[in-house]
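[1] just the structure for this:
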Amino acid sequence: MKAIQRLIAFILCFPSLVLAQLPAENFFSTPNLIFAALSPSGEHVATLRTEESGLVVKLSNTSTIKEHKLFSLAEHTEDEGTISDITWLDNQYLAVDITTYRKGVQNLLDTKRRSRLLIIDTQSLNTPNAILSVRTQGSLIHPMPTEAGKFMYSKSGIRSKIYTLDIAKLLPNNKKLGKLDRVDGGQFSNKNELISTDGFALKWFLNKQAKPEAVLYFSAERKLTLASIDDNNNFTPLEKFVHEEKKAKGKVETNIPYIPIATHKDEGVFYCLDKEEDTEKTIYEVNFTTGDAVKVYETSDYRVLDVVTNEERELIAVKVLRNGTIHYDHLNEEAQQASTTISSVFDVSENKATFLEYRDSHNTPPRIVLHKANKTISLGTHLPKLPNTLNSQQVSGSLLIAELDIPYLLNTPAKNSGPHGLIVMPHGGPYGVHDTPYFDSTTQYFVANGFAVLRINHRGSSGYSDALYEAGKQQWGDKILDDIHQTVIHISQRSDIDASKVCIAGMSYGGYAAAMLLTLYPEHYNCGVAIAGVYDLNHHLSDREHSEAQLDWIHEFIGDPSSEYEKLKAISPLYATATLQRPILVAHGDADEVVSSEQAYRYILALKKFNKAHEVFIRPELQHSMDGSQDSFDLMTQALEFVKAHISAN
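    Next up, the predicted model:
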């Protein structure tokens with residue numbers, strides 16, 4: 001009995017030992033629960049989930065929450081596609097949008113995107129006709145839930161149109177067309193047409209009454225145009241976009257460089273993407289009457305596909321594509337911006353009695369919660385192999401450096417006073433990216449193994465002030481590194497941190513910072529982990545073709561290799577390898593399309609040349625971010641073991 005009591009006491013004193021057994025797979029798997037959609041009546045909820053077989057859609061009654069499989073992507077398509085959306089058309093029919101993203105130009109003008117819309121009869125699942133399809137290329141515009149069995153569908157071409165389609169006239173998905181069969185029941189006819197425009201429509205925008213109020217299209221003159229639509233279906237151009245700058249009389253004429261993707265609550269304002277970005281990662285609120293633009297969202301390693309708004313057209317979530325998988329990045333309500341918890345209501349039944357809420361906090365994996373009849377039921381979490389709450393506490397603060405407040409986040413094991421070994425984790429970017437106080441898999445993985453983790457929103461970071469962002473210009477290898485290092489020194493003075501056990505680890509720019517700071521300050525950092533890092537800045541900036549606007553941004557924020565070669569060389573870890581004194585793990589993927597793996601290969605050759613202590617992790621299919629693959633699990637496992645070999649958690 002006493003032996004058991006001593007064992008229990010031992011575990012209570014060292015709770016991190018229990019969590020330390022959690023493997024990397026538990027933290028970096030592809031999210032299990034991706035999205036959920038509530039039927040208009042609130043009686044049923046459909047969930048989009050990831051299983052071993054691939055993406056599946058499941059259905060459950062909101063009273064019993066007994067879930068069963070409704071649709072499997074692997075069973076109904078041979079293409080390498082993804083389920084990009086699920087939408088209730090009414091209380092009986094659920095639309096599943098299957099989209100294939102092929103290699104090529106990835107923007108709103110992309111001709112490589114192909115969609116297929118399937119309609120599932122949720123009340124006749126065991127019948128041969130349970131799954132219907134729209135075979136004509138186009139997209140779902142509006143579900144028309146008040147008109148049972150009908151929905152709005154757009155078809156683009158030389159003349160683009162919106163039609164009202166009747167589900168009862170569609171054919172089963174697995175039916176081969178016979179001579180007497182008409183594609184989609186012959187519904188793409190004048191009698192079903194709602195509105196049309198000359199030119200190829202990229203996006204129709206509807207008002208609250210589901211009536212078209214604007215359209216983004218290529219006009220007959222092949223000019224990309226945004227036009228408003230009045231009650232009589234008259235079109236008035238709001239903006240014409242140009243792809244190249246035109247020079248006239250020595251002056252450069254430029255159009256607003258934004259492409260609208262959704263309407264805003266304010267008249268004349270749209271949520272937009274920046275058409276000059278290499279990969280769409282930023283959302284702006286743009287007034288096309290005044291030209292004013294305000295940045296409202298930015299991501300680091302995702303591609304933005306669309307936005308999710310509430311009934312008031314307020315932004316509540318962003319649909320993004322990461323390594324071929326759809327994710328939803330939920331945002332906090334305005335009143336909760338200072339909170340470390342996200343609580344976002346994103347779907348409500350017609351009678352307002354049932355609704356879905358997204359929840360996320362620094363030590364609680366993201367989850368979707370159903371609220372009905374004063375009951376709160378969890379539909380699941382992104383990472384079901386993790387505990388509901390992790391053994392982590394978080395401290396936020398800021399440090400005044402060169403008259404600028406530099407915010408930071410420190411996570412430590414909650415029930416162990418330390419002192420802890422510290423892992424410094426600079427974020428990627430470094431511009432226009434920031435660490436949030438919400439759940440971060442990499443942070444929690446290291447904390448679960450007993451380490452403290454420090455993240456710094458240095459100058460150049462977004463999410464705070466324009467002053468902080470602008471202060472990062474031309475500071476890639478100078479003041480940004482100083483922000484990180486000075487914050488490390490400050491945090492190392494805490495009683496719960498062991499200043500003699502510090503390792504620096506990061507991805508992308510964070511990988512660069514890890515290699516550079518490890519080289520500059522061997523007395524402060526015991527080891528470094530550089531994942532997808534940049535080691536030769538001149539090579540990185542010249543590695544691919546850039547548009548004129550992108551080159552202007554690079555020169556303004558980072559530097560110009562053609563005129564500042566020596567400056568950029570001086571802040572590149574590759575050329576300082578001879579002075580490196582501490583061990584480093586260099587990891588990269590050959591499938592990385594953001595930072596070429598050539599960066600890693602060249603740095604590894606230099607490490608070998610100067611006989612520097614290092615480990616290597618290179619995989620041919622690994623991309624620029626954690627993608628839920630075995631490669632990702634192996635990488636993070638090796639990273640943890642590497643850190644443990646050079647610093648201990650306690």
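[2] list the buried ones in the helix or strand that contains residue 228?
    Using DSSP states H and E, residue 228 sits within strand 224-229. Going by neighbour count (16 or more other Cβ atoms under 10 Å), the buried part of strand 224-229 is 224, 225, 226, 227, 228, 229. Using the backbone N, CA and C atoms, a C-beta is placed for each residue, glycine as well.
[3] average pLDDT for the helix or strand that it is followed by?
    With elements assigned by DSSP H and E, the helix or strand that comes after strand 224-229 is strand 235-241. Mean pLDDT, strand 235-241: 86.
[4] same question, stretch 276-292
    84.
[5] alpha carbons only: can I get it in PDB?
    C-alpha atoms of stretch 276-292 as PDB (Å, rounded to 0.1, in the frame of the first residue of the first chain):
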ATOM      1  CA  GLU A 276       0.300  40.800 -56.100                       C
ATOM      2  CA  GLU A 277       1.000  38.100 -53.500                       C
ATOM      3  CA  ASP A 278       2.800  35.000 -54.600                       C
ATOM      4  CA  THR A 279       0.500  32.900 -52.500                       C
ATOM      5  CA  GLU A 280      -2.800  34.400 -51.200                       C
ATOM      6  CA  LYS A 281      -2.300  34.800 -47.500                       C
ATOM      7  CA  THR A 282      -3.800  38.200 -46.600                       C
ATOM      8  CA  ILE A 283      -7.300  39.600 -46.400                       C
ATOM      9  CA  TYR A 284      -8.200  43.200 -46.600                       C
ATOM     10  CA  GLU A 285     -11.400  45.300 -46.200                       C
ATOM     11  CA  VAL A 286     -11.400  47.400 -49.300                       C
ATOM     12  CA  ASN A 287     -13.700  50.400 -50.200                       C
ATOM     13  CA  PHE A 288     -13.600  50.600 -54.000                       C
ATOM     14  CA  THR A 289     -15.200  54.000 -53.900                       C
ATOM     15  CA  THR A 290     -12.500  55.700 -51.700                       C
ATOM     16  CA  GLY A 291      -9.700  53.200 -52.300                       C
ATOM     17  CA  ASP A 292      -9.100  52.700 -48.600                       C
END
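[6] in it, what's buried?
    Under 16+ other Cβ under 10 Å, the buried positions of stretch 276-292 are 276, 277, 280, 281, 282, 283, 284, 285, 286, 287, 288.
[7] same question for stretch 207-227.
    Residues of stretch 207-227 classed as buried: 212, 213, 214, 215, 216, 217, 218, 219, 224, 225, 226, 227 (neighbour count, 16+ other Cβ under 10 Å).
[8] just these now: which is nearest residue 561?
    Nearest to residue 561 out of those is residue 224 (Cβ to Cβ; 32.1 Å).
[9] what's the distance between that closest one and residue 541?
    29 Å (Cβ to Cβ, to the nearest Å).
[10] before we move on, what about residue 156?
    Distance of residue 156 to residue 541, given as Cβ to Cβ: 37 Å.
[11] related to what we said a few turns ago, JSON lines please, covering the buried residues of strand 224-229 and showing distance to residue 518.
    What follows is those, written out as JSON lines (distance: Cβ to Cβ, whole Å):
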{"residue": "224", "distance to residue 518": "47"}
{"residue": "225", "distance to residue 518": "52"}
{"residue": "226", "distance to residue 518": "49"}
{"residue": "227", "distance to residue 518": "55"}
{"residue": "228", "distance to residue 518": "55"}
{"residue": "229", "distance to residue 518": "58"}
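[12] closest to residue 332 out of those residues?
    Out of these, the member with the shortest distance to residue 332 (by Cβ to Cβ) is residue 226, at 29.6 Å.
[13] look up which residues are beta-bridged to the closest one.
    Beta-bridge partners recorded for residue 226 (DSSP bridges): residue 216, residue 239.
[14] which of the buried residues of stretch 276-292 sits closest to residue 38?
    Nearest to residue 38 among those, with distances taken as Cβ to Cβ, is residue 283, at 24.7 Å.
[15] coming back round to it: got the buried residues of strand 224-229 as TSV, with pLDDT and distance to residue 477 columns?
    Listed next are the buried residues of strand 224-229 as TSV, based on pLDDT from 0 to 100; distance: Cβ to Cβ, whole Å:
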residue	pLDDT	distance to residue 477
224	88	38
225	90	43
226	91	41
227	92	46
228	91	47
229	93	51
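[16] return the member of those residues nearest to residue 495.
    Looking at the buried residues of strand 224-229 and their distance to residue 495, the nearest is residue 226, at 57.8 Å (Cβ to Cβ).
[17] contacting residues around that closest one?
    Going by Cβ atoms under 8 Å, 6 or more residues apart in numbering, residue 226 touches 214, 215, 216, 237, 238, 239, 240, 241, 260, 270, 288.
[18] quick one: the fourth one and residue 227 touch, right?
    It refers to residue 237. Yes - contact criterion Cβ atoms under 8 Å: residue 237 and residue 227 qualify, at 4.9 Å.
[19] burial of residue 605, as a residue count?
    Each residue near residue 605 was counted by other Cβ atoms under 10 Å, and the total is 12.
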